[in-house]
Every structure is written in C-alpha cells, then in structure tokens.
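[1] Just a sequence and a predicted model for now, questions to come.
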Amino acid sequence: MRIATWNINGVKARISGVLTWLSQTSPDVACLQEIKSQDEGFPAGPIEELGYNVAVHGQKGFNGVAILSKHPFDEINARLPGDDDDDHARYLEVVIPAGGTIVRVASIYLPNGNPMPGPKFDYKLAWMERLESHAKTLLMQEEPLILAGDYNVIPEDEDVYDPEAWRDDALFQPETRGALRTLHNLGLTDAYRACHTEPHKYTFWDYQAGAWQKDNGIRIDQLLLSPQAADRLAHCEIDRFTRGWEKPSDHVPVWVELNV
DNA sequence: ATGTCGATACTTTATCGA
C-alpha cells in the first residue's frame, strides 16, 4: 500500500499536475496540503474519475487539506483538537480499511510561523503542542498510523542546503525543532530517515532566486509512522521529478510503501 | 537586499501568505 503526501500550493493552479501525478504513480492514499480552496470549490470530479474517494477540509483563499483514497473511508475527522477558536483548515484524519486491518492517516499542514518572533510563531508552537497531545492519544490505539504532511520544520542541519541561511527562520528555531523531536520521541518514526541516511535530500525549493536550479532546498515534508506502521515500512521516496514540471508546486510528493 | 507564486478584492494593481 502506497501512501503519499504533497503540498500542492493551490488546487486550482495545480489540478492538471495532480491528475498527471496520480495517473503516473497511482498512490493508494494521497494527503494534500495548501489546497487554497473551499470544500465546494475542490475539483473532486476528475479525481473521482481516476478511482479515488475524496475527503476535503478547506477554507477560502489559503490553507486547506484533503485526502484521496482508492479505498472508501471508514471515518473522517477534520480539525486538530485542543482549540475551538482555531479556524485554520490544517488537519484532516481518516481511517481506511487495508488488507484485513486499517490504517489511520492524517493530512497535516503545520503553520509556517514566520515572522519570528511574533503571534504567528506563537501559533505555530501552540499548534505543535496540540499535535503532540493528539498524537499521544492516537498512539494509545496501537494502530498503523501515518501522520503525513508539510511540517514546516527543518529537522537537522543535513536537511537544508545552508543552515546559516535559515538560522533566523521559524522553520529552523530550536523550539520548533525541539517540538518535532518530541513527536519523534513519542515513538513516531520519520519514514524517510528510516530508509535513507544520505544528507541533503529535499522536498521544497523556493520559487525565488533560482533555488531549484541551485538545489537550494529543505526537507520539510514528512511521514511520521506509529510503531505498527513502521513495522510494515518497505520504502520511502521523494518524487523530485514534479519540481521540474511546468507550473510546479514549490513542494514535491513524498511517499511510503507499507506491507499491508 | 533582492528574487516568485497563488488567491483575493471596492482588480487591471496592491495586499497577504508563503
């Protein structure tokens, strides 16, 4: 079973590329972030024609997450618990039947947090605490669990082309990186790092300043696996090729193959 | 310091968020 995540930076601008990628790589489950669309504006039709069920949690103009699945959903839950006043559409969680068991999959668009310091950075850290709390609850279920998405955190120096260039950025602060490590230390495995040790493998390249051409990237899109999912982990790869397409997203897909 | 892109609105250019 292949489960992928991709920050598409606007579904209206990217629908053609998304359909091409789905046709070419045929993931069983695809978590999308930054759809920048309301639920009713999401182009479910052409995606359903490729054999996918569609769950959407969107809002007008920015943010927004979705999950596409070849198997029907047993359960769909939008919103990260812990703050009823948080109106950003950044979290969608589903349960999908898989080979006699189930997988629980979340599509996560973690706040960017810039400028730092300030209220946006405070919101990011508070959101990460809520994610930690929710992850603890989910881990107690002892299910195959995949928390996939744009974490907007650079885990280590080896995950950025030039650590000094990002030293003052919200994505690379000690507090931010510590909060991600806390998630790992709950028992969640960074799937890419479990499969690969080479440094400088990226999932995002800025549109500006020729970042793609110079390979000035960062690795911020990740799939975190519960022990029950990590036990079934076969492969994890980055679909770097989509960054070279016409009208690309600034992020590329990352996917895992699970033995289920 | 700069660069680019996508969405939105009292739109034909500026603002915001990234």
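    Alright, I've got the coordinates.

[2] Once you drop chain neighbours, what's closest to the residue of the stretch 51-200 of chain A found nearest DNA strand B?
    Proximity of the stretch 51-200 of chain A to DNA strand B (Cβ to the nearest atom of the strand) peaks at residue A:61, 3.3 Å away. To be clear about C-beta, it is placed using only N, CA and C from the backbone, and glycine gets the same treatment. Leaving aside its sequence neighbours, residue A:61 sits nearest to residue A:36 (Cβ to Cβ, 6 or more residues apart in numbering; 6.3 Å).

[3] What count of nearby residues applies to the one you found?
    By the criterion of other Cβ atoms under 10 Å, residue A:36 has 21 neighbours.

[4] how far away is it from residue A:87?
    Going from residue A:36 to residue A:87 by Cβ to Cβ, to the nearest Å gives 15 Å.

[5] likewise residue A:108?
    Taken as Cβ to Cβ, the span from residue A:108 to residue A:87 is 17 Å.

[6] And for residue A:179?
    Taking Cβ to Cβ, one finds residue A:179 at 22 Å from residue A:87.

[7] and the stretch 51-200 of chain A, which residues reach DNA strand B?
    Within the stretch 51-200 of chain A, the positions near DNA strand B by Cβ under 7 Å from any atom of the strand are A:60-63, A:111-112, A:114, A:120.

[8] TSV please, covering those residues and showing neighbour count and pLDDT.
    Below are those laid out as TSV (neighbours: other Cβ atoms under 10 Å; pLDDT from 0 to 100):
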residue	neighbour count	pLDDT
A:60	11	96
A:61	9	94
A:62	14	96
A:63	19	97
A:111	21	98
A:112	17	97
A:114	14	96
A:120	14	96
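
[9] Nearest to residue A:230 among those?
    residue A:111 (26.2 Å; Cβ to Cβ).

[10] For the closest residue in space to that closest one that isn't next to it in sequence, give me its contacts.
    Spatial nearest neighbour of residue A:111, chain neighbours left out: residue A:124 (4.2 Å); criterion: Cβ to Cβ, 6+ apart. Shown in contact with residue A:124 (Cβ atoms under 8 Å, 6 or more residues apart in numbering): A:110-113, A:152, A:170, A:176.

[11] low pLDDT regions in the stretch 151-260 of chain A?
    The stretch 151-260 of chain A contains no residues with pLDDT under 70.
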